[in-house]
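A.B. asks: no letters, just coordinates:
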Ligand SMILES: O=P(O)(O)OC[C@H]1O[C@@H](O)[C@H](O)[C@@H](O)[C@@H]1O
């Protein structure tokens, strides 16, 4: 099965379905034509981003995730597509070429490698040699700590110099996962338990076009102390999949309710994007969205039309934007680097955070901007139902 993203303006993209809880159907508006959305749209939206896992070492979990993501995006799938029909994406042309040329696929043990990182903690590295990209993922917290492109010369993520690697505290940097709660709350510590729980490796795969993938799992059956009381009356299975391909980096979280009662959650991919300096970053796609300003008594506001100027950060910033477009972008004016982000409609919101030198904040605050695709309003999953949220990142 091949799965392709479709342009945001198409009928398919406006038809994201939320197969859980109360929100039966989520209708997305077409992106507005601003500098930001034009930049974001330029090459991400038609990228062939998901491949199935057939013919590799397993692939079942990945196949399911690919099918679910296809439904969430409202995209085409076709189990019988030949390599020559893979057209339609940035990477697909190369992929098709490679398949037609009979280039042998790498062996999964050589390219999705289980190893050790800081303080002997378990890591998985994904190596997409054909496009000179690499990813490092810690199984503690399922925290992706590094994504390099261009043979290691570009690092996309910020990892704090004072990050703690003790298998107890969340790792500061990369992509921590916020679940089952974004932010502080009554039931759970800040950002929930995913980022400080030990996950298991469920699957490592090489796709038919050479894309590399890893799926980590976490379940209530693991009975971890880190779940606190939250899991006492709930049963769940989580799958976190990370895929590296010509299209870029894709991460997705699947949440399945395996219990007898519904439960609710909020969630986010807490992306710490590395920037040359926070003053050089502009974020696009947030025009005309409503927001809550967490640093201003949770005051509500609307981000007006900025004529394509984008959001710049000039003070401590912590805003939750609601019902944002599925495509966002960030441009770094110093190194002329464009980061494009496409998210599933199941992650309708986005947070922008930078502490900007506030007391006690990370000493590296100048070097990151967090742009976090999120479901900030509670999502409810009925028994036996599931939810899937994903993002695709690409850099120019
Ligand atoms: O320090 P933590 O728990 O990793 O959280 C960092 C920040 O994460 C952001 O997502 C929140 O919007 C901020 O409010 C929070 O301060």
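C.D. replies: That came in fine, so what should we check first? All values reported here derive from a predicted model rather than from experimental measurement.
A.B. asks: can you list the residues of the stretch 251-396 of the chain near the ligand?
C.D. replies: Counting by CB under 6 Å from any ligand atom, the stretch 251-396 of the chain comes close to the ligand at 270, 294, 318, 351, 353, 370, 372. (Each C-beta comes from the backbone N, C-alpha and C, glycine too.)
A.B. asks: spell out, range by range, the helices that occur in the stretch 51-200 of the chain.
C.D. replies: 60-73, 90-100, 108-111 (DSSP state H, counting those that start in this stretch).
A.B. asks: the second one - what's its average pLDDT?
C.D. replies: If you average the pLDDT over helix 90-100, you get 46.
A.B. asks: what do you get for stretch 195-203?
C.D. replies: 98.
A.B. asks: equivalent analysis for stretch 259-279, please.
C.D. replies: 98.
A.B. asks: that stretch: which residues count as buried?
C.D. replies: Buried residues in stretch 259-279, defined by neighbour count with 16 or more other CB atoms under 10 Å: 259, 263-275, 278.
A.B. asks: now for the residues of the stretch 251-396 of the chain next to the ligand, which pair is the farthest apart?
C.D. replies: 270 and 294 (14.2 Å; CB to CB).
A.B. asks: and which of the residues of the stretch 251-396 of the chain next to the ligand is nearest to residue 181?
C.D. replies: Nearest member of these to residue 181, counting by CB to CB, is residue 270, at 12.2 Å.
A.B. asks: after the longest strand along the chain, which helix or strand is next?
C.D. replies: Longest strand in the chain by number of residues (criterion: DSSP state E): strand 368-381. Counting by DSSP states H and E, the element after strand 368-381 in chain order, helix or strand, is strand 386-395.
A.B. asks: now that following strand: mean pLDDT?
C.D. replies: Rounded mean pLDDT across strand 386-395 is 97.
A.B. asks: is residue 390 in contact with residue 326, as I believe?
C.D. replies: No. With contact defined as CB atoms under 8 Å, residue 390 does not reach residue 326; the gap is 10.7 Å.
A.B. asks: just give the closest residue to residue 170, not the sequence neighbours.
C.D. replies: Nearest non-adjacent residue to residue 170, counting by CB to CB, 6 or more residues apart in numbering: residue 195, 4.0 Å away.
A.B. asks: now do the contacts for whatever residue of the stretch 101-250 of the chain ends up closest to the ligand.
C.D. replies: Per CB to the nearest ligand atom, residue 190 is where the stretch 101-250 of the chain lies closest to the ligand, at 4.3 Å. Contact partners of residue 190, counting by CB atoms under 8 Å, 6 or more residues apart in numbering, are 181, 183, 184.
A.B. asks: residues near the first one, how many?
C.D. replies: To tie it back to what came earlier, the one meant is residue 181. 23 (other CB atoms under 10 Å).
A.B. asks: please consider this matter closed, and thank you.
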